[in-house]
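**Student:** 3D, please:
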Amino acid sequence: MTMSALGEPCVLLKLGEIVLKGKNRELFERRLIANIRDALQSLDLKVDVRRRHGVIAIFLPEGASAEQAAAVAERVADVPGLVWIHRAWRVAKDPDAVLKAGLELVGESEEAKRGARFAVRSRRRDKRFPLRSNELDRLVGGAINDEYGLPVDLKNPELTVSIEVDRDEVFVFTGGIPGQGGLPVGSSGRALVLMSGGIDSPVAAYRMMRRGLHVDFLHFSGIPFTTSESIYKAYALVRKLDRFQGKSRLWVVPFGKAQQSIRTSGQDRLAVIAQRRLMLKTAEEVAHRIHASALITGDALGQVSSQTLANITAQDNAVDLPILRPLVGWDKTEIMAEARRIGTLEISELPDEDCCSLLAPKRAETRAKIEDLKQIEKRLDAEELCVQLADSIQEYTL
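**Tutor:** You can find the predicted model right below:
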């Protein structure tokens, strides 16, 4: 592979639903570019991120290697708002240079070595280029067919050579990495996730990041009646999720004594829902302090007794902030598949002493009445208690 033919390695990013934002599109793109730059800081590589019509191009410093381009591509693949990431080669705006680059790129591919069916797809964003898209397809495709004897298949190719003619250069590439899709983190505001050590809440956090929310995490620990295991687990989950947004914060509430008060209230069957309401009230107090506009939970309708429609309604009644439940219509198999895909399942399945284990009635209430729960909260002085709990939180930064 010679640099004279393939030019410079770069990374080409394709946008998703951002392109449908009309007059607000520029705001979303600016946010996305800021997120891309923040994500690439960890690579300690000076890059040039440029916005083009419909794409974002990342140019590497002079002399950068293909391996460095691969590292950039892998890192930005975790940034929500992008649907495809392509490791591309930047070549001169000359048909002969494009032809040579396409030939070399195919010659280095594993698909060509096994005689794969191929196609060439060209896109001419700069109409001043002397060849039209279909003419460029025929030029490069014919040369590849002559040079390597590969069969052409325009419907179901095993190898696609993509050529994009831009304002100042031409990008040539094959293949790509699927992106996260969705909206840039931060474009929809800030929210607070009630973060357990289970499977559901990390997935819920991820789904809301994809909808443009920057999230903080609030974990309720059973301390002083449990060990710190659940905190370590929550911290590990937040670290895993941080690659999607950066600058994540974990807040931990020592909740054990409050749980003990609920357990001694004499309402055994309502204990779980009473606990959930107190958690939500505490989360709302914390959210106000950190300027978050919503709460996020991993509830899925009917999954456990606390997540029946009646009990979800009783929980919503506890706070004024909106409670977002992105997994409400998912089943456990779907949630586990998503957790496996984003890399949180293995951590979530580690054993720990969760605070919820302190309240495990033999039979939980599935149709909790709001008035009964308010009576429990009156005896506990829940409004004052949630303020005290919020005052006791500890922040864990990554």
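**Student:** Trp84 and Gly176 touch, don't they?
**Tutor:** Yes - assessed by Cβ atoms under 8 Å, Trp84 is found in contact with Gly176 at 4.8 Å. (Each C-beta comes from the backbone N, C-alpha and C, glycine too.)
**Student:** what's the overlap in contacts for those two?
**Tutor:** Common neighbours of Trp84 and Gly176 (criterion: Cβ atoms under 8 Å, 6 or more residues apart in numbering): Lys14.
**Student:** domains of the chain?
**Tutor:** 3-178, 189-397 (automatic domain parsing).
**Student:** mean pLDDT and mean neighbour count added to the ones you listed, as JSON lines?
**Tutor:** Converted to JSON lines, these look like this (pLDDT from 0 to 100; neighbours: other Cβ atoms under 10 Å):
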{"stretch": "domain 3-178", "mean pLDDT": "93", "mean neighbour count": "17"}
{"stretch": "domain 189-397", "mean pLDDT": "91", "mean neighbour count": "19"}
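**Student:** what's the spacing between the residue with the largest distance to the centre of the chain and Ile33?
**Tutor:** Outermost residue of the chain with respect to the C-alpha centroid, by Cα atoms, centre = their mean, is Asp146; its distance is 43.6 Å. Using Cβ to Cβ, to the nearest Å, one gets 41 Å for the distance from Asp146 to Ile33.
**Student:** can you pull up the bridge partners for the nearest residue to Ser293 once chain neighbours are set aside?
**Tutor:** Once flanking residues are discounted, Ser293 sits nearest to Gly189: 5.1 Å by Cβ to Cβ, 6 or more residues apart in numbering. Gly189 forms beta bridges with Leu213, as assigned by DSSP bridges.
**Student:** you'd agree Gly189 is up against Leu213?
**Tutor:** Yes - taking contacts as Cβ under 8 Å, Gly189 lies within contact range of Leu213: 6.1 Å.
**Student:** now for these two: what residues contact both?
**Tutor:** What both Gly189 and Leu213 touch, as defined by Cβ under 8 Å, 6+ apart, is the set Ala294.
**Student:** beyond the helix or strand containing Leu105, next helix or strand please.
**Tutor:** Secondary structure assignment for Leu105, by DSSP states H and E: helix 95-107. Moving toward the C-terminus from helix 95-107, the next helix or strand (DSSP H and E) is helix 110-113.
**Student:** between helix 95-107 and the very next helix or strand once past that next one, find me the angle.
**Tutor:** Later in the chain than helix 110-113, the nearest helix or strand by DSSP H and E is strand 118-124. Relative orientation of strand 118-124 and helix 95-107, computed by axes from the mean of the first three to the mean of the last three Cα atoms, to 10 degrees: 140 degrees.
**Student:** before I go, just wanted to say thanks for your time.
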